[in-house]
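Colleague: give me the fold of what follows.
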Amino acid sequence: MRSAEIRRRFLAHFEANGHTVVPSAPLPFDDPNLLFVNAGMVQFVPYFIGQQAAPFKRATSVQKCIRTQDIEEVGKTTRHGTFFQMNGNFSFGDYFKAEAIKLAWELSTKSQDDGGFGLDGERIWATVYFDDEEAIDIWHRVIGLPMERIVRRGKADNFWSMGIPGPCGPCSELFYDRGPDYGPDGGPEVDEDRYMEFWNLVFMQNERGAGTTKDDYPILGELPAKNIDTGMGMERMAALLQGVDNLYEIDETRPILDKAASLTNKRYGEHSGHAANQSHPDDVRLRVVADHVRTALMLIGDGVTPSNEGRGYVLRRILRRAIRSMRLLGWDDRALPELFPVARDCMSASYPELATDFERITMIAYSEEETFRRTLAAGTTIFDTAVTAVKASGASVLPGEQAFKLHDTYGFPVDLTLEMAAEQGLSVDTEAFHRLMTEQRERAKADSKANKSAHGNSPAYRQLRDLGETIFIGYTDLSTETAVRGIVADGELVTRAKEGQIVEVVLDETPFYAESGGQIADEGLITGDGALLRVLDVQKPLKGLIVHRVEVAEGEIGTGAVVHAQVDPEWRRSARQAHSGTHIMHAALRQVLGPTALQSGSYNKPGYLRLDFAWGSALNDATKRDVEEVSNRALRADLAVTVQHMPLARAREIGALALFGENYDTDVRVVEIGGPWSRELCGGTHVDHSSQVGALTIVGESSVGAGVRRVEAFVGLEAMRYLANERALVNAVSETLKVPPAEIGDRVSTLVERLRTVEKELERNRVAAVLAGAGALASQAQEVAGKQLVAVQAPAGVAGNDLRTLALNIRGRLDQSRPAVVVLTSDVDGRVQFVASVNPSGQQAGVSAGALVKEFAPVLGARGGGKADLAQGAGGDPSKAADALAVVVRSLAASA
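Modeller: So this is what the prediction gives:
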């Protein structure tokens, strides 16, 4: 049974039992605690904890999920995958344990001819929380499961939470016995490879607080209602029904694995057993490729792009681990163009948007592979230098600090460092490497913990939200008379705030726009009850709750006070121009570049906008002019800006563009500019006609990651001011050069060419002057232990390339049939620069320029290094140059 059919049967089963089918939320989810959705119930959390009333009593979904905390275990066990699909059914205060268990058992064991999965009930085991007698009774007395196949387990195994403060509860897990080929007898407590978990029934009845481990956290109390949250692993059920050993061999991943095996001439499974711990290293790598390529496809499909932080870093790491694994399997060519089309074909039956959006997805993925290939080339150069230094010192271990630097700074995989070090006859200090990695993780964890907050950031917000939604009137009004619902200081509800304090204020209704959708928050004043509050920021920590961060500039403010809220009209006017300008430029980009130039993020504030979009190369000047012209023609056309509210499904039908990764309500706001020319889902504030944007001028274009470009622009008065400054600059240059503005380009080109000619002439003269003294310096060569040695101070100011050129010229004037050594120092602005050069005869005699530099540089208080034929350095005290040169003489004499 294929995965798409498992998905269909699951949804059909629960829809037939009164559940509403809910679409999957995007993988990047708007939650302060999560980078990605990591469980099927994430989008339902507000219903479980009573923040919002659920629009349905029962729901079912197939949720896309990402978990990367066990990424190093991918491929090594049957249980770990970075991307997975969680088939879930949910009850919000409706049914509880008895019906949840019955529904799961029925679908699992019902024959396939009758629409079920047809699992053998005699091979199913259930685990329960150790004191959950009610669940045990249902399994034994209602379902008929024998007691010997019901296992009690503790909090770490059978008490579920998301790992952060929020809803939780005891759970019951279903395991399927795959037989003795997969491990020993004895149930899930003995072996979880043989006994594969495929469904978890969470009886969500509690709310937990913060904790330090999986089972060390306080239970804060009961939830407002007893709920059900179940999760059936799509991949695990597919492995059982398709008769394969693990989740990497199911229909949605095995073709990727097979393609990777074909490319690398590997025979998957040839040297492995059924159990995960019997896997050959090549099979583990093939599974990593299959898992990670599929995961990367899904992440990019949901709008994530590679970067060095947050979600983008997770994607980058996953892509690079896949590429690295292919390299370790022997494939050095580009891998993703071979593998991504296979992944698309595997997944598009369930997610057809992957096929329609494949051009954008691959533009980003392939660009990242090219970046990583360059990284590998650069890392290899750094690695080679490190290996040379280790061997020169006589050691056989590459320091862990060097391996960590390669990994952390250059993105060089440590597995590749280990492999290449072994090829050079070296080992790596992995203990030091892992210590540094652990320290880095702890720092990241500490930062994450410092930034992490529970839902709504503070119980105070939830108390205020329980009083009702904040009414936003800012689409039509910039001021209103309203009341102070609550005041929050340092996360706690207070009744009053005094002059000088910075606090958060919640109003019954507000005209202030809270930052969202790329548009920053409004500024303005709140006055009343003898107080004046300056609005510094406006946010929505909970859905339906608008919080104003204010400075109490005058007086005091108290809960219940009637106040006047006034948005700065000029601020809002300019903000509307910028937001509408963003939509217009997005439409212009798509008109000029094509439909794949989709927005992946934006930021706009009064007078300024920036827009990130999917594109694989820099925009040339002509393209930027085209985008700017299309945008300004749209402004001149005075296009109507209209707003409609409609169901999300209808918005998608009419082609409204949605920002990747955003989680939209079932009813959405659609903003159109010129009808279908620009049609986007948007909650921001906009002008009424495009001409009100005034003007738009592009001021910058750059890369912000693989396959993602950023364009920046000014609008309205800021655009006019920018153009006025440009005009003033052109006029000033025109006056200075004594040419009309139209001729400035030609005149500057002529001047630059003249300057280059003069610089070349100066360079020739400088080199000639330096080399003029080479003969005299060469004549000062002395015999030291059978070697020709020139160890002198060069003229002051001879530096860098000139000093190297002089040393090589002197060396060339000496007898090349005999060992020749040249060491020069020079005083350059009060600091020493030095170079050492040894001819081939000298190197054969055992003299190394790099070793000489390391020997005499400390005398100067400097550092240096290099190869056997040429080495250099800088720094230290020029007055000690003679002492350093004396060290060279003594060193050569001692080598006789």
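
Colleague: when you work out contacts or count neighbours from here on, use the C-alpha atoms and nothing else.
Modeller: Noted.

Colleague: which helix runs longest in the protein?
Modeller: When secondary structure is assigned using DSSP state H, the longest helix within the chain turns out to be helix 358-392.

Colleague: that helix: what's the following helix or strand?
Modeller: Toward the C-terminal end, the helix or strand that comes next after helix 358-392 (DSSP states H and E) is strand 397-398.

Colleague: which elements pack onto the following helix or strand past that following strand?
Modeller: Stepping forward along the backbone from strand 397-398, the first helix or strand reached (DSSP H and E) is helix 400-410. In terms of contact count using 3 or more C-alpha pairs under 8 Å, 6 or more residues apart in numbering; DSSP states H and E, helix 400-410 is assigned the packing partners helix 358-392, helix 414-423, helix 430-451.

Colleague: what's the weakest-modelled helix or strand in the protein?
Modeller: Taking mean pLDDT, DSSP states H and E as the measure, helix 430-451 is the helix or strand of the chain with the lowest mean score, a mean of 69.

Colleague: name the residues that touch the next helix-or-strand element following that one?
Modeller: Under the assignment DSSP H and E, the closest C-terminal helix or strand after helix 430-451 is helix 459-465. Taking C-alpha atoms under 8 Å, 6 or more residues apart in numbering as the criterion, the residues outside helix 459-465 that touch it are 51, 456, 485-486, 488, 491-493, 506, 541-542, 544-545.

Colleague: cool, stretch 887-896 as well?
Modeller: Here stretch 887-896 has contacts from 784, 785, 786, 787, 791, 852, 855, 856, using C-alpha under 8 Å, 6+ apart.

Colleague: for the fifth one, which non-adjacent residue is spatially closest?
Modeller: This means residue 791. residue 823 (4.6 Å; C-alpha to C-alpha, 6 or more residues apart in numbering).

Colleague: burial measure for that neighbour, as a count.
Modeller: By the criterion of other C-alpha atoms under 10 Å, residue 823 has 27 neighbours.

Colleague: which helices and strands does the host helix or strand of it pack with?
Modeller: The secondary structure element spanning residue 823 is strand 820-828 (assigned by DSSP H and E). Contacts defined by 3+ C-alpha pairs under 8 Å, 6+ apart place strand 820-828 against strand 787-793, helix 800-813, strand 831-838, helix 840-844.

Colleague: and of those, who's closest to residue 401?
Modeller: In terms of C-alpha to C-alpha, the element of the helices and strands packed on strand 820-828 nearest to residue 401 is strand 831-838, at 28.1 Å.

Colleague: what lies in contact with that closest one?
Modeller: If you take C-alpha under 8 Å, 6+ apart as the criterion, strand 831-838 is touched by 799-800, 803-804, 807-808, 811, 819-827, 847-850, 852-853, 860, 868-878, 881.

Colleague: which among those end up buried?
Modeller: Among the contacts of strand 831-838, those buried by neighbour count (16 or more other C-alpha atoms under 10 Å) are 799-800, 803-804, 807-808, 811, 819-827, 847-850, 852-853, 860, 868-878, 881.

Colleague: before we move on, the earlier item: tabulate the helices and strands packed on strand 820-828 (TSV), appending distance to residue 354 and mean pLDDT.
Modeller: Below are these laid out as TSV (distance: least, C-alpha to C-alpha, whole Å; pLDDT from 0 to 100):
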stretch	distance to residue 354	mean pLDDT
strand 787-793	68	92
helix 800-813	54	90
strand 831-838	58	92
helix 840-844	61	92
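
Colleague: the ones you listed: which one's closest to residue 726?
Modeller: Closest among the helices and strands packed on strand 820-828, once you apply C-alpha to C-alpha, is helix 800-813, at 39.2 Å.

Colleague: report the distance from that closest one to the chain centre.
Modeller: For helix 800-813, the separation from the chain centroid amounts to 48 Å (computed by C-alpha atoms, centre = their mean, to the nearest Å).

Colleague: so where's the stretch 551-700 of the chain uncertain?
Modeller: Applying pLDDT under 70 to the predicted model, the residue ranges of the stretch 551-700 of the chain that meet it are 660-663.

Colleague: spatially central residue in the chain, please.
Modeller: Most central residue of the chain, judged by C-alpha distance to the mean C-alpha position with C-alpha atoms, centre = their mean, is residue 312 at 1.5 Å.

Colleague: that residue - nearest residue in space that isn't next to it in sequence?
Modeller: Using C-alpha to C-alpha, 6+ apart, the nearest residue to residue 312 is residue 306, at 4.2 Å.

Colleague: please report how far that neighbour lies from residue 538.
Modeller: Between residue 306 and residue 538 the computed distance is 30 Å (C-alpha to C-alpha, to the nearest Å).
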